[in-house]
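Enquirer: Provided below for reference: sequence and predicted model.
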Amino acid sequence: MSLLSSTEAGLPTFRLSIPSNFSNGIASKPIMDFQTVDSDYSDIFEIDIERPTRLASSPASSSTSYQKRKASYNDIELDFHVSTLTHVKRSRYIRAKATDEPPKHVPRPRAHSRHQELAPSPEPIYRSSRSRSSSSFPPSYTYPPVQRRRWSVDDDGTPGPRHLSSEMVVKRLMKTYKGYFKNPNDPKDRSFQPHPHCYPYIELEYPNSGASERFILLAPKDKDHYNPILDLEQTLYTIIECYLTREQQSLFGTIPSGPLSENVSPPPSPQSSPPSTYNANVDELIDVQDREELLSLASMVPPSSTTSASPASMPLLRAVKRAINRQDGPLFVAAMARINALLHALKYPRLPEDLFAPVPSNPLQQTVENWEESGLPKKVLMRIIEENYQRVVGPNVVSLKQYEAFSSTVYGELMPSLVHEIVQLTGLREESLFLDLGSGVGNVVVQASLQTGCKSFGIELMPAPARIAREMVEQMRIRCRMWGIRMGEVELEEGNMLTSKRVDELIPKADVLLVDNKVFEESLNEALRPKFLDLKEGAIVVSLSPFVSSLNARVTERNVDDISTIFDVTERPYHSGSVSWGINGGSYYIHRVDRAGYAQIRTRFENTRARTTRTRR
């Protein structure tokens, strides 16, 4: 190709000589007018293009061999007449614009040899290429339906001598508590102040027959420590909301909108009237003989020292909230006394006069029987878990900090909200087996067994958390009886998860296995991976760090036989407040054993590899 210049009519002329073997690329296409992209360049060049009289034959229309065509040349001449330059700008690039109809399509010449053709690249295969993805949990995932289960217990709720009550917890740590309530009538009254023996307390009736608990009416000096008054208030509201019918609830009044720490608004006016439904349909609540007693307990007149000269009666829960907001000790004690009397009257209906008539059952326990269809209310679940944790783990927090920093024994917990989500997503049921490798204080195993009734097993290496876990399970059984709820079986072991024979026995039977491996050393994670080969098809491993190198890695010669390829892995987010070791969110990983899916991937990989090998021969 050559470019020649001359002068025609005072203007420079450029002649572009193109060999005919360029016909495949240029001459076989329509003759082009070259113009700049920017319209400002339209006045720079005036371009005339002359079509050559004869084009080289295309390979598609000529019978001449390729070698002969390659030897012959016909020059294609293009004349460019450049007009006067008014102003010059740098052209970024030039594009071609078609002016004539293109000739027939001309294919490129064939290769000299078939062996020079490159084999097509095989389609890559990834972990997500499985024919079924049974562990896909998108944000809009629908949780499994509520299982039909009998939640109530046949035994009464008497706590027994092993019960660790709120009173016992505060009494052991009396020096860390201070007075909260006062006596507005007598500033010198010290009855609401801390004392080793003569401390203020009240007793709350729990739902099951024979169940009650004492609460010391003091506040912690450190606001982050256990608060028995707040604990009492939240438990009372949960019992009334979840265990009583709407008619029974009306005896207590409207439940306040928030607990002690969230609702400190000024109390309502003393003259405000109670809700119109607060004593409605009382005849339907219980035997007619108890009507007068219930109505007499359903409202109270606050002491005149705390209200106006002519006080109006108010609902009991409003009196409790007012006493807390005003730190009025006498009002709080009086209101709680009436509430306990009313709960006692509901729990123990009057015996029939006929000695041979059946003894009336506890109406609050009948409510638990009705949960067979709807399931255990989440508020009840979380309240029981919180009560048990505050009494068992709270006083032992210092001992849990005795670990080697940056090691696999660093202590950390999953919060109840995250455990609740995991239990729902994995579909644990009453007949399921749940394993927690590194169970800590046992908070997850007890929640799983309470939430679903499943059998749970936990193993913990460190002595301090393992000891607390044993107490956690014992106290949870007692507390569940007080609430009238039946939980599943829990088994604990103190030892090494890698060498435990019991772990090896249970892994093949496990439906869900949890490993809180957020700070595990890589050597420990690698040592755990071979144990997963014994998991049954469909079993699930939940972890805070994935047991696969990449969630959707490409299947290659190097990783096709890796242990983790039996897993179908899904990453899910957890939000702030879901774990104990930080305030930020993060991710957890659900590994579902899918050997059938892996077998299909392996078959595809081997077939692709075989085709690639044959092509390269």
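Expert: Done, it's in.
Enquirer: Number of residues surrounding residue 392?
Expert: 25 (other CB atoms under 10 Å). (Glycine included, C-beta is placed from N, CA and C.)
Enquirer: Ramachandran coordinates for it?
Expert: When read as degrees, to the nearest 10, the backbone of residue 392 gives phi -100, psi -50.
Enquirer: same thing with residue 200?
Expert: In terms of degrees, to the nearest 10, the main-chain angles of residue 200 are phi -80, psi 140.
Enquirer: residue contacts, it?
Expert: Going by CB atoms under 8 Å, 6 or more residues apart in numbering, residue 200 touches 181, 191, 192, 216, 217, 218, 329, 333.
Enquirer: tell me the two of those residues that are most distant?
Expert: 218 and 333 (13.6 Å; CB to CB).
Enquirer: re the thing from before, for the contacts of residue 200, give me TSV that also has distance to residue 346 and pLDDT.
Expert: What follows is these, written out as TSV (distance: CB to CB, whole Å; pLDDT from 0 to 100):
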residue	distance to residue 346	pLDDT
181	27	98
191	30	94
192	29	96
216	25	98
217	24	98
218	29	98
329	26	96
333	21	96
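Enquirer: Just the ones of these in helices?
Expert: 329, 333 (DSSP state H).
Enquirer: which one among the contacts of residue 200 gets closest to residue 439?
Expert: Using CB to CB, those come closest to residue 439 at residue 216, 31.2 Å.
Enquirer: number of nearby residues for the residue nearest to that closest one when sequence neighbours are not counted?
Expert: Excluding the flanking residues, the one nearest residue 216 by CB to CB, 6 or more residues apart in numbering is residue 170, at 4.3 Å. Look at residue 170: counted by other CB under 10 Å, it has 27 neighbours.
Enquirer: Same question for the one 4 residues further on.
Expert: Using other CB under 10 Å, residue 174 has 14 other residues around it.
Enquirer: ok, back up a step: how about TSV for the contacts of residue 200, with distance to residue 502 and neighbour count added?
Expert: Conversion of the contacts of residue 200 to TSV gives the following (distance: CB to CB, whole Å; neighbours: other CB atoms under 10 Å):
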residue	distance to residue 502	neighbour count
181	50	24
191	53	17
192	51	21
216	41	21
217	45	22
218	43	26
329	52	21
333	50	17
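Enquirer: with the contacts of residue 200 in mind, which one is nearest to residue 586?
Expert: For the contacts of residue 200, the closest approach to residue 586 (CB to CB) belongs to residue 218, at 37.3 Å.
Enquirer: show me what contacts the nearest residue to that closest one once chain neighbours are set aside?
Expert: Residue nearest to residue 218 in three dimensions, not counting chain neighbours: residue 177, with 4.1 Å by CB to CB, 6+ apart. Taking CB under 8 Å, 6+ apart as the criterion, residue 177 is in contact with 170, 194, 216, 218, 219, 220, 221.
Enquirer: one more time with 7 Å
Expert: Counting by CB atoms under 7 Å, 6 or more residues apart in numbering, residue 177 makes contact with 170, 194, 218, 219, 220, 221.
Enquirer: coming back round to it: helix or strand: which one has the residue nearest to residue 216?
Expert: Assigned by DSSP states H and E, residue 170 falls within helix 166-172.
Enquirer: what does residue 492 give?
Expert: Under the criterion of DSSP H and E, residue 492 resides in strand 490-494.
Enquirer: which residues sit against that strand?
Expert: In contact with strand 490-494 (CB under 7 Å, 6+ apart) are residues 442, 445-446, 449, 456-460, 463, 466, 469-470, 473, 500, 502.
Enquirer: Rounded mean pLDDT for whatever helix or strand comes next after that strand, please.
Expert: Note on strand 490-494: by DSSP H and E, the next helix or strand toward the C-terminus is helix 501-506. For helix 501-506, mean pLDDT is 98.
Enquirer: Check which element follows helix 501-506 along the chain.
Expert: Per DSSP H and E, the helix or strand that comes after helix 501-506 is strand 512-515.
Enquirer: need the next SSE after that following strand, C-terminal direction.
Expert: Using DSSP H and E, the helix or strand that follows strand 512-515 in sequence is helix 522-528.
Enquirer: mind listing what's buried in that next one?
Expert: Within helix 522-528, the residues that count as buried by 16 or more other CB atoms under 10 Å are 524, 525, 528.
Enquirer: of those residues, the lowest pLDDT goes to which?
Expert: The member of the buried residues of helix 522-528 with the lowest pLDDT is residue 525, and it reads 87.
Enquirer: what about it, distance to residue 584?
Expert: Here residue 525 is placed at a distance of 22 Å from residue 584 (CB to CB, to the nearest Å).
Enquirer: Output the below-cut-off pLDDT ranges for the stretch 301-450 of the chain.
Expert: For the stretch 301-450 of the chain, the stretches flagged by pLDDT under 70 are 301-312, 402-411.
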